[in-house]
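K.L.:
turn this into a structure:
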Amino acid sequence: MPVNTKAVGKAYAPTHYAVGREKIKEYALAVGETNPIHLDVQAARQAGYADVVAPPMFAVVYSAPAVGPVLFDPEVELNFALMVHGGQEFKWGPLVVAGDEISTVASVKEIREEDGRGYYVFESVSTNQRGEEVARGTWTNIVRGV
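P.N.:
Modelled structure (predicted):
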């Protein structure tokens, strides 16, 4: 059964995430980050930041909620039971710090069939309260046996 490409280009309603100091610290500790700008507000301020700085992959925390609805959209026709995570890439802009308000919009970038598998590529674009793009993510999911 071939993949359906009718959803390519579809964008979804934005999600919003208020970046908290404790969430940044918890994430940094969970991933073994030791740089004090991620853990100590005084160290971050001495380094010139307004508050603690989110590690780059904290982007998953504020952008993944925008991608969730794409995965389960009936128009995308992604068989979640046969899906595996194929890859993830981010391009970062200005650093995210505690107190930032992040809005993320997800869209369907590509749907294709290759070698009996479906490739579903989604994009997330996250901007802060100043309208600066802080992260652009590419989320590739593979569905076996299409």
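
K.L.:
check which helices and strands the longest helix along the chain is in contact with.
P.N.:
Using DSSP state H to define each element, the chain has its longest helix at helix 59-71. When contacts are defined as 3 or more Cβ pairs under 8 Å, 6 or more residues apart in numbering; DSSP states H and E, helix 59-71 packs onto strand 15-18, strand 83-92, strand 101-114, strand 117-127, strand 133-144. Where C-beta positions appear, they are placed from N, C-alpha and C, glycine not excepted.

K.L.:
any chance of the ones you listed in TSV, plus distance to Tyr49 and mean pLDDT?
P.N.:
Shown next, in TSV, are the helices and strands packed on helix 59-71 (distance: least, Cβ to Cβ, whole Å; pLDDT from 0 to 100):
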stretch	distance to Tyr49	mean pLDDT
strand 15-18	17	98
strand 83-92	15	95
strand 101-114	16	97
strand 117-127	18	97
strand 133-144	14	97
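
K.L.:
let's have those strands in a markdown table, adding mean neighbour count.
P.N.:
Formatted as a markdown table, these follow (neighbours: other Cβ atoms under 10 Å):
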| stretch | mean neighbour count |
| --- | --- |
| strand 15-18 | 16 |
| strand 83-92 | 13 |
| strand 101-114 | 18 |
| strand 117-127 | 21 |
| strand 133-144 | 19 |
